[in-house]
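Peer 1: I need the structure of the sequence given here:
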Amino acid sequence: MDRIVTTLAEQTDIKIFAVGDPDQTIYGFTGADPIYLTKLSEREDFQAIRLRFNYRSGRRLIGAAEAALAPEEPRSYEPNPEQSDLGEVYFHEEN
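Peer 2: Numbering: from 1, shown residues only. Below you'll find the model as predicted:
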């Protein structure tokens with residue numbers, strides 16, 4: 001898929017609209033790799049639009065996810081401003 005998108009991007013009369021989240025690339029067994037989205041967003045001929053709001057999760061879950069993904073690279077996601085539920089995060093100790 002990466003080759004198709006990059007080949008199409010080289011054509012001057014074609015516009016490409018791509019949507020993705022490198023943090024949610026879970027299909028590695030099929031060849032999916034977050035590096036493809038990252039490389040695409042870094043191209044000068046593409047405009048990356050970062051979404052700010054997470055409409056599925058409360059503030060607690062967003063904070064826990066950011067801490068687990070990469071604490072040195074905060075994503076700065078915010079919960080839905082109309083959502084009052086902070087969400088729940090549970091820690092379970094494994095022996």
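
Peer 1: Spatially, which residue comes closest to the most centrally placed residue in the chain, not counting chain neighbours?
Peer 2: The centroid of the chain falls nearest to residue 21 when counting by C-alpha atoms, centre = their mean (2.5 Å). Excluding its sequence neighbours, the residue lying closest to residue 21 (C-beta to C-beta, 6 or more residues apart in numbering) is residue 37, at 7.5 Å. No exception for glycine: its C-beta is placed from N, CA and C like everyone else's.

Peer 1: helix, strand or coil for that neighbour?
Peer 2: Secondary structure, DSSP: H, G, I helix; E, B strand; the rest coil: residue 37 is helix.

Peer 1: count of neighbours near it?
Peer 2: Residue 37 has 20 neighbouring residues, counting by other C-beta atoms under 10 Å.

Peer 1: same deal with residue 82?
Peer 2: 7.

Peer 1: ok, back up a step: what's the residue nearest to residue 21 in contact with, if anything?
Peer 2: 18, 20, 21, 22, 25 (C-beta atoms under 8 Å, 6 or more residues apart in numbering).

Peer 1: One more: residue 89?
Peer 2: Residue 89 neighbours (C-beta under 8 Å, 6+ apart): 60, 61, 63, 64.

Peer 1: Name the residues of the helix or strand containing the first one that come out as buried.
Peer 2: Spelled out, that is residue 60. Applying DSSP states H and E as the criterion places residue 60 in helix 59-69. Residues of helix 59-69 classed as buried by neighbour count (16 or more other C-beta atoms under 10 Å): 59, 61, 62, 63, 64, 66.

Peer 1: what mean pLDDT would you report for that helix?
Peer 2: Per-residue pLDDT over helix 59-69 has a mean of 86.

Peer 1: now for it, which elements pack on it?
Peer 2: On a contact count with 3 or more C-beta pairs under 8 Å, 6 or more residues apart in numbering; DSSP states H and E, helix 59-69 meets strand 78-79.
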